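*Asks:* Structure of the sequence below:
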Amino acid sequence: MAIIAFLVTIGVLVIVHEFGHYFVARLFGVKVLTFAIGFGPKLLTVKGKHNDWSIGCIPLGGYVRMLDERESDVPVELQSQAFNNKPPYQKILIAGAGPLFNFIFAVLVYYILAIYGVSALKPVIASVNPKLAVINKIELPANAIINSINGKKVLTWYDADTLFNQAIKKSGVVNLDYTESTNKTYSVTLDIIKAKQHFNNNVYFETLGVYPFSYLSKIAYIEPKSKAEQAGLRVNDEIIAINGLKTHNWFIISEIIKNSPQKNIDLLILRNNVEHLIKVRPEFINYDGEDIGKLGIMPSLDENQIEKNSFIKKYGYIDSINYAFQSCYSNIVLNLSVLKSMVEGKMSVKNLGGPIAIATAGSKAMHDGFKRFVDFLALMSIGLGVMNLLPIPVLDGGHVVIYAVEWIIGREVPHNVQMLIFKVGFILILGISALVIFNDILRL
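*Replies:* This next block holds a predicted model:
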């Protein structure tokens, strides 16, 4: 199933991406020679009316080969159809069309899913981080149901989070109505002005320590080569005590780890119903100007609670448009945020995944059902679009930068200069590819 999921995922996303280049190139009168899925020796080639259609034996991408005087001699009568003879703005649009079609594909998927019905979370506060809540003056109890924000009724956690963020951007003061587990309803006014200034308006409930999930003390993920892995911790280990303090509260465990950079910690864990005492020493990192300890572990979510607080929400034909664009935009921002964190060293590049990671995630999504797999395709399509728009030579973003320079200086960048830039980009891409494959092997 993993192999099938990988081939379907790569096949669909590459076809969408390359068709973007193909469609816009044809739109501007560029002669396309080959539309290829996969690299290497051809398994199948079909001659079409305008170009060849082929499938290569290495399913790790694809390409659209266009008529270009830099690659071969072009007859005089076809020179107007050569890519290199097109104006810079057309070259930019052709190069950017691949990622654009990936985003369009994701929007269409989200639109259809919204009409069909998507899984949504009720606006229930499942857990509250006590330290963050105190710092940000948030007085909201766990298990409370959010009814309205600034007088606007909410039906889902997404609605609540979005309205909360919008209210903070406007004034920094939020009026919130909620119902406790005792069925008593309360109204509170939250002053988030300080947090608004600290986080540059990008404030959501989760930013302030209010979550729609409950975090268990069972380890769900261990970062490769982290202190946790070196100490012998494993996925599914349940932390039942830390430094002699018996607790299943993840926030307490996390806080002790953060406050113990390069200090020995005793973890009492439960593994296969057998207790083990493991000594660990969190590494020292600087996060947002704060020196903290890091082990490299992530907690599991309370799946029973998620199931209890979930429901299927169907959107109308008009509302689905907003849902689709918002979902696409949110995932683009998430991808950029993760890349920024990696560049700044706040997140390890060991979290990057390659073909094996895609196959594993795709297999799980496929196992969970058609809707889940289609949602996975949309998420991967956005990731592919964002990665290709990065200003790295060889990638579409690198081509866009070069053609933009051509537009500015009024002439083509010398071919030998372009080749040198692309060689550097190719080496960089090879390095990244080697890294993600190495990470895949470590996960295995």
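*Asks:* alpha carbons only for contacts and neighbour counts from here, please
*Replies:* OK.
*Asks:* tally of neighbours for the nearest residue to A144 once chain neighbours are set aside?
*Replies:* The spatially closest residue to A144, leaving aside those adjacent along the chain, is E180, at 4.5 Å (CA to CA, 6 or more residues apart in numbering). As a burial measure, the neighbour count of E180 was computed by other CA atoms under 10 Å and equals 17.
*Asks:* Below-threshold pLDDT in the stretch 251-400 of the chain: ranges please.
*Replies:* 288 (pLDDT under 70).
*Asks:* So which residues of it form strands?
*Replies:* All strands of the stretch 251-400 of the chain, identified by DSSP state E, counting those that start in this stretch, fall at 265-271, 274-280, 283-287, 290-294, 297-301, 310-313.
*Asks:* returning to that earlier point: what residues does the residue nearest to A144 make contact with?
*Replies:* Applying CA atoms under 8 Å, 6 or more residues apart in numbering to E180 gives the contacts P141, N143, A144, I145, Y186.
*Asks:* Make TSV out of the strands of the stretch 251-400 of the chain and add distance to E71 and mean neighbour count.
*Replies:* Shown next, in TSV, are the strands of the stretch 251-400 of the chain (distance: least, CA to CA, whole Å; neighbours: other CA atoms under 10 Å):
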stretch	distance to E71	mean neighbour count
strand 265-271	61	19
strand 274-280	58	14
strand 283-287	48	16
strand 290-294	51	18
strand 297-301	50	19
strand 310-313	53	15
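*Asks:* Which of the ones you listed sits closest to K31?
*Replies:* strand 310-313 (46.0 Å; CA to CA).
*Asks:* which helices and strands does that closest one pack with?
*Replies:* Here strand 310-313 touches strand 118-121, going by 3 or more CA pairs under 8 Å, 6 or more residues apart in numbering; DSSP states H and E.
*Asks:* Contacts for the strand it packs on, please.
*Replies:* Outside strand 118-121, the residues touching it (CA under 8 Å, 6+ apart) are T156, W157, Y158, P212, I306, N309, S310, F311, I312, K313, K314.
*Asks:* State the mean pLDDT of stretch 76-84.
*Replies:* Within the predicted structure, the mean pLDDT of stretch 76-84 is 90.
*Asks:* my bad, stretch 50-63
*Replies:* Per-residue confidence for stretch 50-63 averages out to 88 on the pLDDT scale.
*Asks:* closest one to L428 among the strands of the stretch 251-400 of the chain?
*Replies:* Judging the strands of the stretch 251-400 of the chain by CA to CA, what sits closest to L428 is strand 283-287, at 26.6 Å.
*Asks:* do you know how far the one residue sitting closest to the centre of the chain is from L352?
*Replies:* In the chain, the C-alpha nearest the mean C-alpha coordinate belongs to N335, at 4.0 Å (CA atoms, centre = their mean). N335 sits at a distance of 12 Å from L352 (criterion: CA to CA, to the nearest Å).
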